[in-house]
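In: Predicted structure and sequence below. I'll ask about it afterward.
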Amino acid sequence: MLQIKKMRADHVIDFAAEELKEYLRMMMPRCGEIAISYEPNATDGFRLGLLEDFGLENEAADPMWDDVVHVDTTENGGILAGSNPRSVLFAVYRFLRLNGCRFFYPGPEGEYVPMKAIEPQNYHKLADHRVRGYTIEGDPSMEQVYNWVDYQAKME
């Protein structure tokens, strides 16, 4: 049984854990139940938290504004971490993309989720830019704006 363990209580990390669970279930529908728990001292399963929770160096000049993404996983778990809670969500999406998930355009119909086993991944990166700016031209609906925001997070 796969396990997702949150190293700290934070609503963004909670969302990241739920997203990881949802996509892993789509990738491996026969993997059984995936449990999510809060375990700050966990040493197994997929562990989500800040770089400091794992004793990892944080090269961000300002951890609140600069995003560092860290992925170090095996088939059964590993570390998905970031310099701030937002970066943890980016780490989850990077892990999924490294495992073959594709997000072609906003909305669920723009996603490709392969049915396959998880592959080990190793990735660490400080974002090239602190600020990313986007614009949606025209007169978008609320659903289009929501899908665009969701899509952009997956592409970081």
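Out: Ah, there it is.

In: Could you identify the helix or strand that succeeds the top helix by length along the chain?
Out: Secondary structure of the chain per DSSP state H: the longest helix is helix 11-27. Once the chain leaves helix 11-27, the next helix or strand it forms, by DSSP states H and E, is strand 35-38.

In: packing partners for the longest helix of the chain?
Out: Packing contacts for helix 11-27, counted by 3 or more CB pairs under 8 Å, 6 or more residues apart in numbering; DSSP states H and E, involve strand 3-6, strand 35-38, strand 46-50, helix 85-98. Every residue, glycine included, has its C-beta placed from N, CA and C.

In: So what are the sheet partners of the following helix or strand past the third one and their directions?
Out: Sequence-wise, the next helix or strand downstream of strand 46-50 (DSSP H and E) is strand 68-73. In the sheet containing strand 68-73, its partner strands are strand 78-82 (antiparallel), strand 121-126 (antiparallel), by DSSP bridges.

In: Now do the SS call for Glu119.
Out: coil (DSSP: H, G, I helix; E, B strand; the rest coil).

In: Not counting sequence-adjacent ones, nearest residue to it?
Out: Asn99 (5.8 Å; CB to CB, 6 or more residues apart in numbering).

In: Same question for His124.
Out: Going by CB to CB, 6+ apart, His124 has His70 as its nearest residue, at 4.9 Å.
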